[in-house]
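Engineer: Sequence first, predicted coordinates after that:
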Amino acid sequence: MNKCITATEARKRFYALIDAAEHPGVSVVITHEGIPKVVVMSFEEFEGWQETMEIMADPELDKELTEAVKDMKAGKLHKDTISLEEVKKRLKL
């Protein structure tokens, strides 16, 4: 959910702005003279965006993820997928 406020309002309500934007999925667009200038979002969401951009910038990784999603939707296990039981066994849990 995006909220939109002016820079003047953001300055007046800075801490409320942080509180509003700290939740993933919520972002606040700050405008100046009616033009969107910046977006404030939670650090967690920002890291997620950065990671997504890194993945999209790597054609090989993007291809692997696309194939894995197709396999998952088709009910097939990806070649590197292991069961929860196997994870527990390897971790001796």
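Structural biologist: Perfect, I can see it now.

Engineer: Check which element follows the lowest-mean-pLDDT helix or strand in the chain along the chain.
Structural biologist: Within the chain, no helix or strand scores below helix 59-73, which has a mean of 84 by mean pLDDT, DSSP states H and E. Downstream of helix 59-73, the next assigned helix or strand under DSSP states H and E is helix 84-90.

Engineer: In that next one, which residues are buried?
Structural biologist: By 16 or more other C-beta atoms under 10 Å, helix 84-90 has no buried positions at all. C-beta: built from backbone N, CA, C; applies to glycine.

Engineer: going forward can the numbers begin at 45, since that is how I track them
Structural biologist: In the new count, where the first residue is 45, that last one comes out as helix 128-134.

Engineer: can you list the domains in the chain?
Structural biologist: 46-88, 103-137 (automatic domain parsing).

Engineer: How far does the last one sit from its chain's centre?
Structural biologist: Its chain's C-alpha centre lies 21 Å from the corresponding centre of domain 103-137 when counted by C-alpha atoms, centre = their mean, to the nearest Å.

Engineer: Name the spans of the protein whose pLDDT lies under the cut-off.
Structural biologist: Low-confidence segments of the chain (pLDDT under 70): 45, 122-123.

Engineer: how deep is the residue found closest to Arg134 once you drop the neighbours it is linked to in the chain tucked in, by neighbour count?
Structural biologist: Excluding its sequence neighbours, the residue lying closest to Arg134 (C-beta to C-beta, 6 or more residues apart in numbering) is Ile126, at 8.0 Å. When neighbours are counted by other C-beta atoms under 10 Å, Ile126 registers 11.

Engineer: Backbone dihedrals for Ile126, please?
Structural biologist: phi -130, psi 160 (degrees, to the nearest 10).

Engineer: thinking again about what came up before, would you mind giving the domains of the chain as CSV with distance to Met97 added?
Structural biologist: Converted to CSV, the domains of the chain look like this (distance: least, C-beta to C-beta, whole Å):
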stretch, distance to Met97
domain 46-88, 14
domain 103-137, 11
